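Participant: Sequence plus predicted model, see below.
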Amino acid sequence: MKLYLNELAPWERKQEYYHTIQLGKDVKEQTNVLNKQTKAMIASQLASTNAIIASQDRISDGIDAVVCGVERVEQGISELKSAFEWGISEVVWQIEQNRAVLRDILEVLMAPLDTQAKERRKRAEDAYANGWIEDAEEEFLESEKLNKFDFSIHISLGMIYLFKLVDKEKALSYFEKAIKYSKPKSSFHASYALLHKALIHCDMGNTEEAEKSSHEAITLSPSLTEALYQNAQYNAQLRNTSKSIENLEKAIRLDKLYCLKANKDEMFDPIRDAVNRLFEKLRDEEKKKSQASFAKLSEKHNQSKPIIEDIAKEKFIDSSSWTNKSNKLDNELKELRSRIDRDSYYDFLEINNKIAPSIMQAQDGLVSELKQKIKSTVESFERNISGAKSKHKNKLEEYWGKTGSAILIGSFVVPVIMTLITAEGFDKLWAIAFCIPVISQLLSITWLGFFIFKYSSLSSNELVFAWSLVLYLAGSIAYYFISKSSSKDEMAIEINKQKNLKELAMPYFERVKNI
């Protein structure tokens, strides 16, 4: 492997897709540009990746479903993950310096300093941001004399000597200092400096030292995925296949985009077959999950679909919305099947993390809606049966009340009318008696008594009077029983109708329980 002692290594130069990333004071603008260019980088890597990683159809779909994590580049190297490249290290360090975690540490470190020392450090940062490297070097060196425990100064000087002045021996010495002074304060920044130390050792041909430094970075910051990846690179160069693959797998599981990076990374060429086997292993693992999800989704759909089709035929519920949703699920399952047939890692990841859960959610919603609606429909039929019985009962009370009212009114009206029609002369005065409550009822009962017990002794007028009362009472009572019978028939028809509908619905109620 070629040594790079007094020049930048190819991996330390800015890649084409990052050519617009420059040092500057506007960190927010830098993060926006970095985010945009990172997507361009991923698109470039995706376009020519291994078929095991992404199928041609997956590539044609674009990067939206592939990208993850790059929206938080303002969090520096820890969130850039696979998007990190050594060529943008200076800008990444600027971003790191603007993170709250480092600002809080520096506030403590700078608290004892006088105003002049703080101003000197500020001038150093401004010079660095403006690209005035010699001025930045001078100011940082003076700042180091005033506060040698400020590890960020050592990192800044290390960056200047490594990437700008290309004095790697001097850069290494400053990263060593940064490691020493950052360990008690921030394990993350110690790991950050260790990765740069590892890089310099790699440039100098000391791959074993590079591996040790990156391993120490992992020990201090186990979740720093770039440390895992770089350690995997160095172990690949040393042909420590098992350790390299172990850490590469960890990195990929934390950020799947490391697949794209490793696929084109020449550092892994000594163990390329093992790397491809790792891709196959990861693909097959996700494939198994995808196939299991498809089987589960298909089984559930095959249970719900016939129920919806049968309900549509019976028409006791409006099932049009269910039919539409079921047809949509049909199409989505066909699409899912075609994605499984693409047989690539990223397709399976997309299925398992996005597509299958989305279909499952839609299926669960449909089945839940189906169960709830059928249950409520059965309950409504039961309520309708109870309602028909209550309605009949209420009608009986209504008819009874109407009959009683009719009899009460009749005890006044009928005798008065009949007295006026049949009586002559002073006998018409009886009509007045029938207009008086209680007396009217007593007289009517008396006439009925005469009708029953002294029928033969009654005059023709008296018989007409008595018969009119009998007929009126008989008509009122007949109205009650006829109305009662009619209401009972209506109740029976409604109950039979609701029972029939319930009998139609109940089998579906039992069927959906088992989905």
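Facilitator: Cool, the structure landed. Numbers count the residues shown, from 1 in each chain.
Participant: give the contact list for Glu309.
Facilitator: Going by CB atoms under 8 Å, 6 or more residues apart in numbering, Glu309 touches Thr323. Every residue, glycine included, has its C-beta placed from N, CA and C.
Participant: Which of the three states applies to it?
Facilitator: Look at Glu309: counting by DSSP: H, G, I helix; E, B strand; the rest coil, its state is helix.
Participant: Over to Ser223?
Facilitator: coil.
Participant: pLDDT averaged over the helix ranked longest in the chain, what's the number?
Facilitator: Using DSSP state H, we find that the single longest helix of the chain is helix 356-422. Across helix 356-422, pLDDT averages out at 80.
Participant: how distant is that helix from the center of its chain?
Facilitator: 44 Å (CA atoms, centre = their mean, to the nearest Å).
Participant: and it, what other elements does it pack with?
Facilitator: helix 272-314, helix 320-342, helix 430-434, helix 439-453, helix 460-513 (3 or more CB pairs under 8 Å, 6 or more residues apart in numbering; DSSP states H and E).
Participant: how does it look with 6 Å?
Facilitator: Contacts defined by 3 or more CB pairs under 6 Å, 6 or more residues apart in numbering; DSSP states H and E place helix 356-422 against helix 272-314, helix 430-434, helix 439-453, helix 460-513.
Participant: Between the ones you listed, which one is closest to Gln97.
Facilitator: Among the helices and strands packed on helix 356-422, the nearest to Gln97 by CB to CB is helix 272-314 (34.7 Å).
Participant: How far away from the center of its chain is that closest one?
Facilitator: The answer for helix 272-314 is 20 Å, by CA atoms, centre = their mean.
Participant: same deal with stretch 193-203?
Facilitator: Here stretch 193-203 is found 42 Å from its chain centre; the criterion is CA atoms, centre = their mean.
Participant: between the longest helix of the chain and helix 320-342, how many degrees?
Facilitator: When axes from the mean of the first three to the mean of the last three CA atoms, to 10 degrees is applied, the directions of helix 356-422 and helix 320-342 differ by 170 degrees.
Participant: Find me the pLDDT at Lys289, would you?
Facilitator: Lys289 is assigned 96 on the pLDDT scale.
Participant: heads up, I number from 15, so please use that
Facilitator: In the new numbering, first residue 15, that becomes Lys303.
Participant: who's in contact with the closest residue to it other than its chain neighbours?
Facilitator: Distances taken as CB to CB, 6 or more residues apart in numbering put Asn366 closest to Lys303, at 5.0 Å, once the chain neighbours are dropped. Applying CB atoms under 6 Å, 6 or more residues apart in numbering to Asn366 gives the contacts Glu300, Lys303, Ser304.
Participant: Closest one of these to Ala131?
Facilitator: The closest of these to Ala131 turns out to be Glu300 (CB to CB; 54.6 Å).
Participant: What count of nearby residues applies to the closest one?
Facilitator: 21 (other CB atoms under 10 Å).
Participant: list the contacts for it?
Facilitator: Counting by CB under 6 Å, 6+ apart, Glu300 touches Phe362, Leu363, Asn366.
Participant: is it possible to export the helices and strands packed on helix 370-436 to CSV including distance to Lys409?
Facilitator: Shown next, in CSV, are those (distance: least, CB to CB, whole Å):
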stretch, distance to Lys409
helix 286-328, 31
helix 444-448, 32
helix 453-467, 27
helix 474-527, 4
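Participant: can you pull the contacts of Phe362?
Facilitator: Phe362 makes contacts with Glu300, Lys301, Ser304, as judged by CB under 6 Å, 6+ apart.
Participant: Dump those residues into TSV; add distance to Ile67 as well.
Facilitator: Listed next are these as TSV, based on distance: CB to CB, whole Å:
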residue	distance to Ile67
Glu300	11
Lys301	13
Ser304	15
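Participant: just flag whichever of the helices and strands packed on helix 370-436 has the lowest average confidence.
Facilitator: Here these differ in mean pLDDT, and the lowest is helix 444-448 at a mean of 64.
Participant: and Tyr195, what does it touch?
Facilitator: Contacts of Tyr195 by CB under 6 Å, 6+ apart are Phe163, Phe165.
Participant: Pull up the gap between it and Phe165, please.
Facilitator: To Phe165, Tyr195 is 4 Å away according to CB to CB, to the nearest Å.
Participant: and if you look at Tyr413?
Facilitator: Distance of Tyr413 to Phe165, computed by CB to CB: 98 Å.
Participant: Repeat that for Leu350.
Facilitator: When distance is defined by CB to CB, Leu350 is 51 Å away from Phe165.
Participant: So which of those two has more stuff around it?
Facilitator: Per other CB under 10 Å, whichever of Leu350 and Phe165 has more neighbours is Phe165, with 28 against 21.
Participant: How is the chain divided into domains?
Facilitator: 24-201, 292-387, 398-527 (automatic domain parsing).
Participant: Which among these is found nearest to Asn220?
Facilitator: Proximity to Asn220 (CB to CB) singles out domain 24-201 among these, at 10.0 Å.
Participant: and that closest one, what's its mean pLDDT?
Facilitator: Confidence over domain 24-201 (mean pLDDT, whole number) is 73.
Participant: give me the element Ala57 is part of.
Facilitator: helix 41-61 (DSSP states H and E).
Participant: Was I right to think Ala231 contacts His210?
Facilitator: No - between Ala231 and His210 there is no contact under CB atoms under 6 Å: 9.7 Å.
Participant: Quick check on the two: which one has the bigger neighbour count.
Facilitator: Shown here are Ala231 and His210; by other CB under 10 Å, Ala231 has more neighbours (28 against 25).
Participant: check which helix or strand covers the more buried one.
Facilitator: helix 221-234.
Participant: what's that helix packed up against?
Facilitator: Short answer (3+ CB pairs under 6 Å, 6+ apart): helix 221-234 packs on helix 201-217, helix 239-251.
Participant: so which of those helices gets nearest Ser62?
Facilitator: Using CB to CB, the nearest of the helices and strands packed on helix 221-234 to Ser62 is helix 239-251, at 19.6 Å.
Participant: which residues touch that closest one?
Facilitator: 91, 95, 98, 205, 209, 221, 224-225, 228-229, 231-232, 257-258, 261-262, 264-265, 268-269, 272, 281-282, 284-285.
Participant: How about stretch 304-321?
Facilitator: With contacts defined as CB under 6 Å, 6+ apart, stretch 304-321 is touched by 340, 343, 350, 354, 362, 365-366, 370, 373, 377, 381, 522, 525, 529.
Participant: Any buried residues in it, and which?
Facilitator: Buried residues in stretch 304-321, counted by 16 or more other CB atoms under 10 Å: Ser304, Ser307, Phe308, Leu311, Lys314, His315, Ser318, Lys319, Ile321.
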